[in-house]
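Asks: Can you look at this prediction? I've put the sequence above it.
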Amino acid sequence: MREVANESHPATRMVVCTHCDRPIEIAATAMSVNCRHCHRRVIIEDLKIKAYHAVVRLATAGKVEVARKAQVVARIRVNDLVVEGLVKGDVTALGSVVVGKRGSILGDVSCKRLSVQPGAQLAGFYRVGPAFAPDPGQDAREEA
Amino acid sequence: MIEKAGGSTNDYTTVIGPDAAFKGELTFEKGVRVDGSVEGKITTKGHLAVSQNGRMKADVSAGTIVVEGQVTGNLTSSDRIELRKTARLQGDIRASKLLVAEGATFVGHCQVGATASKPGAEAPANRMTAKEALPRK
C-alpha cells in the first residue's frame, strides 16, 4: 500500500480517495474511512478474490488480487492489482497492474506501471505511465 | 542504448543512424535499429529496436520490437514487444507477449495473447483514439 512519510504523525499514512482522487491521511491500521473531502466511504484493505464476483464497482485504496480460478466482472479502481484469473471491466490503478501467466483482462486499463507475464491475455485500451495516475502526496505537499 | 533486443547489437544488420531521417516503406529480413527518425511503414521478420534518441511515426510489423524512444503508430509483433523505461508509445499493440518497464508510457489499444498477433485476430472495439486519451498539458 502507498505510504507517505509523515514525521509528526508516524502512525498515519496517506491514501487516495477512491471516489474523489484526493489524498486523505488515515491511521496506519485503518481498514476503511470516510473521505474528509467527499464524505464517502473509502475501503482501504487489501482484497483477494477467489471465485466469481460480479459487482458494478470494486474500489479499494489497497491491493486487489484476483486468484487463478476467479472471475471479476466490475469496474475496478485500486491501488495495485494482481490478476491471475479473469477480469472483465475497466481498470484504474494508481500503482501497478500485474497480469500473471494465466491472467486475462478484458477492458480498458489506466495505470502507472504494467507488468505482463508471458501467456497473459489483454484486450482493451491502455494508458500506462506516470502521467496516468495521480500522485497521492502531491496535493498535500502543495498545501504545506 | 539498446544492447540486447532478443540478441546482441550485431543482430541489427540495418541501422538508421542518429542523423538520418527516413520517410517511406522499409522491408527487411533480419534486424533494424532506429537511432534517427523514421516515418512510414516498417516490415521485418526479425528484430526492430528504437533506441532512446530514435523517433518513429510508423506502422510496424516485426518479429520482436524493443522501444526505448518515441513511437507513434501501430505495432504488430509475432513474438514480443518490449517497452523500456524511456519508451513513449502512442498507438495500438498486437503481440503474443508484452514487457513494460517501469517509467514507460503507453497509450493505445492493446491485444496481447497467443492468438493476438495472428492475422485473423479481431481488433478491440475502438472507443477512443490514442490521441484523445493523452493527458492535457
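Replies: Yep, it's here. Numbering: from 1, shown residues only, chains lettered A, B, ... in the order given.

Asks: Give the burial count for B:Val67, as a bare number.
Replies: Neighbouring residues of B:Val67 were enumerated by other CB atoms under 10 Å in any protein chain shown; the total is 30. The C-beta positions use only the backbone N, C-alpha and C, and glycine is treated the same way.

Asks: Quick check, the residue in chain A closest to chain B?
Replies: Nearest to chain B in chain A, going by CB to the nearest CB, is A:Gly129, at a distance of 3.2 Å.

Asks: Quick check: closest non-adjacent residue to that residue.
Replies: Leaving aside its chain neighbours, A:Gly129 sits nearest to B:Thr105 (3.2 Å; criterion: CB to CB, 6 or more residues apart in numbering or on different chains).

Asks: Going along the chain, name the helices of chain A.
Replies: Ranges of helices within chain A are A:138-143, based on DSSP state H.

Asks: tell me which parts of it are close to chain B?
Replies: With CB under 8 Å from any CB of the partner chain as the criterion, chain A meets chain B at residues A:104, A:108-109, A:113-116, A:118-132.

Asks: Throw together a ChimeraX command that grabs the buried residues out of those.
Replies: For selection in ChimeraX, the members of those meeting the burial criterion (16 or more other CB atoms under 10 Å in any protein chain shown) are listed in this command:
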select /A:104,108,109,113,114,115,116,119,120,121,122,123,124,125,126,127,128,129,132
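
Asks: Pretty sure the residue nearest to A:Gly129 sits against A:Ala131.
Replies: Yes: taking contact to mean CB atoms under 8 Å, the distance of 6.5 Å between B:Thr105 and A:Ala131 places them in contact.

Asks: what's the burial count for the closest residue to chain A within chain B?
Replies: In chain B, no residue comes nearer to chain A than B:Thr105, which is 3.2 Å away by CB to the nearest CB. Neighbour count of B:Thr105, defined by other CB under 10 Å: 22.

Asks: what sits against it?
Replies: Contact partners of B:Thr105, counting by CB atoms under 8 Å, 6 or more residues apart in numbering or on different chains, are A:128-132, B:87-89.

Asks: nearest spatial neighbour of A:Leu94, skipping sequence neighbours?
Replies: Nearest residue to A:Leu94 in three dimensions, chain neighbours excluded: A:Ala133, at 4.6 Å (CB to CB, 6+ apart).

Asks: For B:Val100, give me the pLDDT.
Replies: Reading off the confidence values, B:Val100 has pLDDT 90.

Asks: which residues sit in contact with it?
Replies: With contacts defined as CB under 8 Å, 6+ apart, B:Val100 is in contact with A:113-116, A:128, B:83, B:106.

Asks: Looking at those, spot the one nearest B:Ala21.
Replies: For those, the residue nearest B:Ala21 by CB to CB is B:Leu83; the value is 23.2 Å.

Asks: That closest one contacts B:Val67, doesn't it?
Replies: Yes: B:Leu83 sits in contact with B:Val67 when judged by CB under 8 Å, with a separation of 5.2 Å.
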